[in-house]
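>>> Structure, please.
(one chain, ligands or ions: 1)
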Amino acid sequence: MPELVLGPLLRYAGATEATVWVETDGSCEVEVLGCTSSTFRVGEHHYAIVHVTGLDEICEYEVRLDGEKVWPEAGSPFPPGVIRPLKNGETLKLVFGSCRISAPHEPPYILAHDEDERGLGVDALYATAMELRDMPSEDLPHALVLLGDQIYAHKPPFDTLQFLNERRNTADPPGEAVADFEEYARIYRDAWSDGTRWSYHRDLGNTRLLMIDSRGGRVLDEGHRSMVDAEEWAWISDKATGDFDHLLFGTSLPLLLGPAMHHLQTWDERLCSGAWGERAARWAEGFRRSQDLDRWASFHDSFAAMVGLIQEIASGERGDSPSTISILSGDVHHGYLAKATLENDAKSRLHQLVCSPLRNALPNKKSYLQGHAWAKPAIHATRLLARLSGVTREPLAWRLTHEATFFDNQVATLELEGRSATVTFEKASLDASKEPTLERLYGCRLA
Ligand SMILES: [Fe+2]
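Sure thing, here's the model as predicted:
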């Protein structure tokens, strides 16, 4: 009898339809709410995406493989899974975050990094799950958007390491980093039991979520560097056109970094391309690699194109201006909300929302750099360097809406109702009975 290996994962729920993904241990028919799909095979793995149609109300669902019920699991402490179609005019509630190392939810792993070197802190995603467990179905978020680093291929969890060691000699390259499809399939399974490149869009009521693959689609030829290739960019600008109440861009790498970090990366890219000669170029390339300077600022043509696109949207050239344009990001292992001001007559409010990590620890060296990225002296100095190397003035300015960036394990929630929008950041901690919980860090009305 076929069994579930991973899932079910509710990938999407619209007004009347949803898709549910599973991995099974053999080929079979997968059934959810009377809709079926056959599995397909990749290597030795079997997957199915069931397209569920005809939804109109919140409903519980089961998963059947060749007619046998496999989900919910017998004796599970969790309530049954539900699919919640988004009703017209309903407040859209979207939870987002990034960067998570999977490890048991117990000491030493729940300790802070400075208490134990294995410590990752309390997992904000796990704490979220614990809070949602007791929530009425109609209060549940409509979507969870994971913006990046759901796994770390160069730093696999313990179970995956054991699998790698049984499979090959990890003393030889590529060592303990996962290397092929089998190993990627395994690391996802290990990280999500308890890469392909895609940009995609989802319409949630009158809100469009446009996910940009800022990892796998890059063009890295010096002189023609870009975050995505021309074809993908054409697709992105096309999908950013229309009449929306809110437009959300999802990009793992933030578009708007701390300004000093932004200028530093634009300067380094100019040096790498030879603006200050060969020796400077070699130094800049070393600096780029050692500091992972790979954000939008380091692909300045793509940054400028993205800002240009946003300007067109905000000024109504691509349909009615949305009330808000929000860039949702993760990756940088700290969180913040920045408000941006465009130079032309923008009618939309533009924000950069960064929520990271769900569970990880930032090495001290980087937190020092990040901590100064919003400080005036550092901004002035790095902007001057960028200008001297030939970087043109940016057509927008941005600043934090709060005092300092957040370094806790965290999760954020965006609530969109009509033309108004609110964001809340929460950190994971332990309550008095040592159970994981969420504590409010900061909230702000965007429009
Ligand atoms: Fe990360």
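>>> how about the helices of the stretch 301-447 of the chain, start to end?
Secondary structure of the stretch 301-447 of the chain (DSSP state H, counting those that start in this stretch): helices at 364-372, 376-388.
>>> Could you export those as CSV, including mean pLDDT?
Below are these laid out as CSV (pLDDT from 0 to 100):
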stretch, mean pLDDT
helix 364-372, 64
helix 376-388, 95
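>>> Return the most buried member of those.
helix 376-388 (a mean of 16; mean count of other Cβ atoms under 10 Å). For every residue, glycine as well, the C-beta is placed using N, CA and C.
>>> who touches that one?
259-264, 266-267, 270, 372, 393 (Cβ atoms under 8 Å, 6 or more residues apart in numbering).
>>> any idea how far Ala304 lies from the ion?
Distance, Ala304 to the ion, by Cβ to the ion, to the nearest Å: 26 Å.
>>> from what I can see Asp331 touches Gly148, true?
Yes. Here Asp331 lies in contact with Gly148, judged by Cβ atoms under 8 Å, at a distance of 4.8 Å.
>>> Identify the contacts common to these two.
In contact with both Asp331 and Gly148: 98-99, 252-253, 356, using Cβ under 8 Å, 6+ apart.
>>> tell me the two of those that are most distant?
For those, the maximum inter-member distance is 11.8 Å, found between Cys99 and Leu253 (Cβ to Cβ).
>>> Same drill for the two, tell me which one is more crowded.
Neighbour tally, Cys99 and Leu253, criterion other Cβ atoms under 10 Å: the higher count belongs to Cys99, 26 against 23.
>>> If we ignore the residues flanking it in sequence, what's nearest that one?
Pro357 (3.5 Å; Cβ to Cβ, 6 or more residues apart in numbering).
>>> Could you show which parts of the stretch 51-200 of the chain are in contact with the ion?
The interface of the stretch 51-200 of the chain toward the ion, taken as Cβ under 5 Å from the ion, is made up of 99, 149.
>>> residue ranges of the helices in the stretch 51-200 of the chain, please?
124-133, 158-167, 181-192.
>>> Identify the residues contacting the longest one?
So the one you mean is helix 181-192. The contact list for helix 181-192 (Cβ under 8 Å, 6+ apart) reads 5-6, 23, 42-45, 100, 102, 150-151, 153, 156-157, 159-160, 163-164, 167, 178, 195.
>>> Give me the buried positions along the helix or strand following that helix.
Downstream of helix 181-192, the next assigned helix or strand under DSSP states H and E is strand 200-204. Buried residues in strand 200-204, defined by neighbour count with 16 or more other Cβ atoms under 10 Å: 201-202, 204.
>>> partners of strand 200-204, with directions?
Strand pairing for strand 200-204, using DSSP bridges, gives strand 207-212 (antiparallel).
>>> For the strand it pairs with, which residues meet the burial criterion?
So for strand 207-212, counting by 16+ other Cβ under 10 Å, buried means 207-212.
>>> now the residues you listed as a markdown table including pLDDT and distance to the ion?
Converted to a markdown table, the buried residues of strand 207-212 look like this (pLDDT from 0 to 100; distance: Cβ to the ion, whole Å):
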| residue | pLDDT | distance to the ion |
| --- | --- | --- |
| Thr207 | 95 | 26 |
| Arg208 | 96 | 26 |
| Leu209 | 96 | 21 |
| Leu210 | 96 | 22 |
| Met211 | 93 | 17 |
| Ile212 | 93 | 17 |
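>>> so which of the residues you listed comes closest to Leu132?
Using Cβ to Cβ, the buried residues of strand 207-212 come closest to Leu132 at Leu209, 20.0 Å.
>>> Can you tell me the closest non-neighbouring residue to Trp235?
Distances taken as Cβ to Cβ, 6+ apart place Ser199 nearest to Trp235, at 6.6 Å, with adjacent residues excluded.
>>> rewinding a little: hmm, which of the contacts of helix 376-388 is lowest in pLDDT?
Of all the contacts of helix 376-388, His372 has the smallest pLDDT value, namely 86.
>>> Which residues are in contact with that residue?
Contacts for His372 were tallied using Cβ under 8 Å, 6+ apart; they are 258, 260, 378.
>>> With distance to the ion as added columns, please give those residues in CSV.
Formatted as CSV, these follow (distance: Cβ to the ion, whole Å):
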residue, distance to the ion
Gly258, 17
Ala260, 21
Ala378, 23
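>>> Skipping adjacent residues, who's closest to the residue of the stretch 151-300 of the chain found nearest the ion in space?
The minimum distance from the stretch 151-300 of the chain to the ion, using Cβ to the ion, falls at Tyr152 (7.0 Å). Leaving aside its chain neighbours, Tyr152 sits nearest to Ile101 (6.3 Å; criterion: Cβ to Cβ, 6+ apart).
>>> Look up how far the ion lies from the nearest residue to Glu417 once chain neighbours are set aside.
Excluding its sequence neighbours, the residue lying closest to Glu417 (Cβ to Cβ, 6+ apart) is Thr91, at 4.1 Å. Here Thr91 is placed at a distance of 30 Å from the ion (Cβ to the ion).
>>> can you pull the pLDDT of Thr91?
For Thr91, the model assigns a pLDDT of 93.
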